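In: what follows is a predicted structure for the sequence shown.
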Amino acid sequence: MTASSYDAALARLLAHEGGYSNHPSDPGGPTKFGITIADYRKYVKPDAAAADVKAMTVAEAKTIYRARYWDAQRCDELPAGVDYAVFDYGVNSGIGRSGKVLRRLLKLPDTTHKVTDEVIAAARRADAAALVVAICDERLRFLKSLKTWPVFGKGWGRRVAEVRAAALAMAQQATAPPPVATTANEQPATRGLFHAFVSMLNAMSRRS
């Protein structure tokens, strides 16, 4: 993805995150658009209460997501599809985990979660579609290991499946060969037959 694709990635993410919630089984506490009260306090209002989180605007959430997850994981520099998979994973389970998983899958030391130049270079050499599948497979395994899986598992599983499908489509589109240019009134098959006919006429004229 390019830098301008952040808005599209965020739109997909917000469709999964939904509005305000304060579920007793959610360790994040008061949350809106997927932004916890802790992140809201860090990026917007240090003494924020649940009511402030509930009143959060989409613009505020967009700014937080950009700094806290997208830019922090250098998603603009990752291959198409991989960027979205890593971004959504980081939001859902924390960039400390998503960064280490990315490094581990690229066979780099996972003693840190930082997305370094070495990580970017390795990701660009990798098969993007295969990397997307590996990220989503690991993500699902981790989620299933959590004690809150019985509460949130159905929604988490659906989210991972949808992220996988969208990220794979993005990766495949980025590697697809460009279409063959044709004129408005000339299809490739028709053009090929015409050239074959002209070649035949030239051969006949040379024999006569």
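Out: Structure received. Numbering: from 1, shown residues only.
In: any idea how many residues pack against Arg12?
Out: A total of 16 residues lie near Arg12 under the criterion other Cβ atoms under 10 Å. Just so you know, the C-beta spots here come from the backbone N, C-alpha and C atoms, and that holds for glycine as well.
In: now do the contacts for it.
Out: The contact partners of Arg12, taken as Cβ atoms under 8 Å, 6 or more residues apart in numbering, are 84, 88, 163, 166.
In: which of those residues has the largest number of neighbours?
Out: Neighbour max across the contacts of Arg12 (other Cβ under 10 Å) = Asp88, 28 neighbours.
In: out of the contacts of Arg12, which sit inside strands?
Out: Secondary structure of the contacts of Arg12 is defined by DSSP state E; no position falls in strands.
In: in CSV, list those residues along with distance to Gly99 and pLDDT.
Out: Below are the contacts of Arg12 laid out as CSV (distance: Cβ to Cβ, whole Å; pLDDT from 0 to 100):
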residue, distance to Gly99, pLDDT
Tyr84, 15, 96
Asp88, 13, 96
Val163, 17, 96
Ala166, 21, 95
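In: roughly how far is the longest helix seen in the chain from the heart of the chain?
Out: What stands out as the longest helix in the chain, according to DSSP state H, is helix 149-175. A distance of 9 Å separates the C-alpha centroid of helix 149-175 from that of its chain, computed with Cα atoms, centre = their mean, to the nearest Å.
In: nice, that's everything, thank you.
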